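Engineer: Give me the fold of what follows.
(one chain, ligands or ions: 1)
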Amino acid sequence: MMNSQGVAPPGAVEARALTVERGDRTVLRSLDFTVEPGRITGLLGPSGCGKSTLMRAVVGTQAKVGGTLDVLGLPAGHPALRPRVGYVTQAPSVYSDLTVRQNLDYFAAVLLPGRAHRDSRRETVTRVIQDVDLTTRADALAGNLSGGQLSRVSLAVALLGTPELLVLDEPTVGLDPVLRRDLWNLFHTLAADRGTTILVSSHVMDEAERCHRLLLMREGTVLAADTPDALRTRTGSATIEEAFLHLVDEAAATARKEATR
Ligand SMILES: Nc1ncnc2c1ncn2[C@@H]1O[C@H](COP(=O)(O)OP(=O)(O)OP(=O)(O)O)[C@@H](O)[C@H]1O
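Structural biologist: Residues are numbered from 1 along each chain as shown. Presented below is the predicted three-dimensional model:
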């Protein structure tokens with residue numbers, strides 16, 4: 001994508017030769033990719049391919065990261081990125097003995113402390129509860145919520161700071177089709193209206209169609225990075241699942257050729 005000067009703007013995330021070691025294994029192998037700002041990028045691939053590890057590296061919580069990884073123009077994990085990046089892990093990170101609103105009040109007070117900000121905190125908390133469609137459950141104890149509702153509370157916490165980059169690790173796991181659709185609509189609203197960049201992982205290939213761009217991963221490598229349309233066209237496939245399988249076969253054939261050289 002070019003700006004009005006015909007120059008490609010810097011990516012929200014830029015990875016060059018990104019490598020991650022976990023234990024005695026290389027889990028991510030020399031990845032090069034760019035996440036475009038203000039767009040929804042889907043990180044797709046089978047279980048264990050390295051999606052969570054990549055997200056942890058982007059938000060700066062992963063050890064043994066090699067190569068270059070820049071986030072919003074700064075090295076991943078830079079302290080100045082803390083209020084600019086929201087991260088929702090697979091495990092909900094809320095207090096089960098507090099209500100939805102009390103959880104959000106607490107995290108809002110951490111982000112924006114002091115009596116002077118009381119009114120704006122209250123407004124923000126009400127906004128994020130509406131964003132994730134939990135207004136009718138605002139006074140319910142988190143411990144009494146369903147798994148899908150709990151993960152939406154975690155998402156609401158991440159939205160408190162109005163992050164420029166939102167990193168979401170499988171946010172739709174366990175949600176029914178209606179909630180999944182509503183959550184994807186919210187992601188599109190955040191990208192379109194607030195210019196939020198969203199990096200969202202999934203191992204459900206049908207969610208690929210909802211993304212502007214995709215990073216298809218397998219065994220610690222990026223097989224392809226492009227729009228869903230371009231990936232289908234390039235591989236002559238009807239679906240992203242078919243395109244993924246085509247790319248896996250192509251990569252295996254290339255590896256075999258190199259091995260016999
Ligand atoms: N603490 C750890 N020590 C060593 N290896 C690990 C550790 N955590 C994960 N791994 C390995 O790193 C690889 C990538 O794991 P990761 O959790 O990033 O995959 P994923 O694509 O997010 O999987 P899923 O979709 O199941 O969440 C896997 O092979 C996993 O076994």
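Engineer: so what pLDDT did N3 get?
Structural biologist: If you check N3, the pLDDT there is 48.
Engineer: and what of the one 5 residues further on?
Structural biologist: The predicted structure scores A8 at 51 on the pLDDT scale.
Engineer: Where do the strands of the stretch 1-150 of the chain begin and end?
Structural biologist: For the stretch 1-150 of the chain, the strands defined by DSSP state E, counting those that start in this stretch cover 13-22, 25-35, 40-44, 65-71, 74-75, 85-88.
Engineer: if we look at the last one, which residues are touching it?
Structural biologist: Looking back up the chat, that one is strand 85-88. Under the contact criterion CB atoms under 8 Å, 6 or more residues apart in numbering, strand 85-88 has outside partners 55, 58-59, 61, 71-72, 151, 154-155, 157-159, 161, 163-169, 171. Heads up, the C-betas are built off the backbone N, CA and C, glycines and all.
Engineer: just to revisit the earlier point, dump the strands of the stretch 1-150 of the chain into CSV; add distance to the ligand, mean pLDDT and mean neighbour count as well.
Structural biologist: Formatted as CSV, the strands of the stretch 1-150 of the chain follow (distance: least, CB to the nearest ligand atom, whole Å; pLDDT from 0 to 100; neighbours: other CB atoms under 10 Å):
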stretch, distance to the ligand, mean pLDDT, mean neighbour count
strand 13-22, 4, 97, 19
strand 25-35, 4, 96, 17
strand 40-44, 8, 96, 25
strand 65-71, 13, 96, 19
strand 74-75, 21, 96, 13
strand 85-88, 13, 94, 24
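Engineer: So for N144, which of those strands sits nearest?
Structural biologist: Shortest distance between N144 and these, using CB to CB, is found for strand 85-88: 20.6 Å.
Engineer: Tell me how far that closest one lies from the chain's centre.
Structural biologist: Distance of strand 85-88 from the chain centroid (CA atoms, centre = their mean, to the nearest Å) equals 8 Å.
Engineer: what lines up beside it in the sheet?
Structural biologist: Sheet pairing for strand 85-88, assigned by DSSP bridges, gives strand 165-168 (parallel).
Engineer: Quick check: mean pLDDT of the strand it pairs with?
Structural biologist: Here the average pLDDT along strand 165-168 is 96.
Engineer: same thing with stretch 98-113?
Structural biologist: For stretch 98-113, mean pLDDT rounds to 94.
Engineer: Tell me the buried residues in it?
Structural biologist: Under the neighbour-count criterion of 16 or more other CB atoms under 10 Å, stretch 98-113 has L98, T99, V100, R101, Q102, N103, L104, D105, F107, A108, L112 buried.
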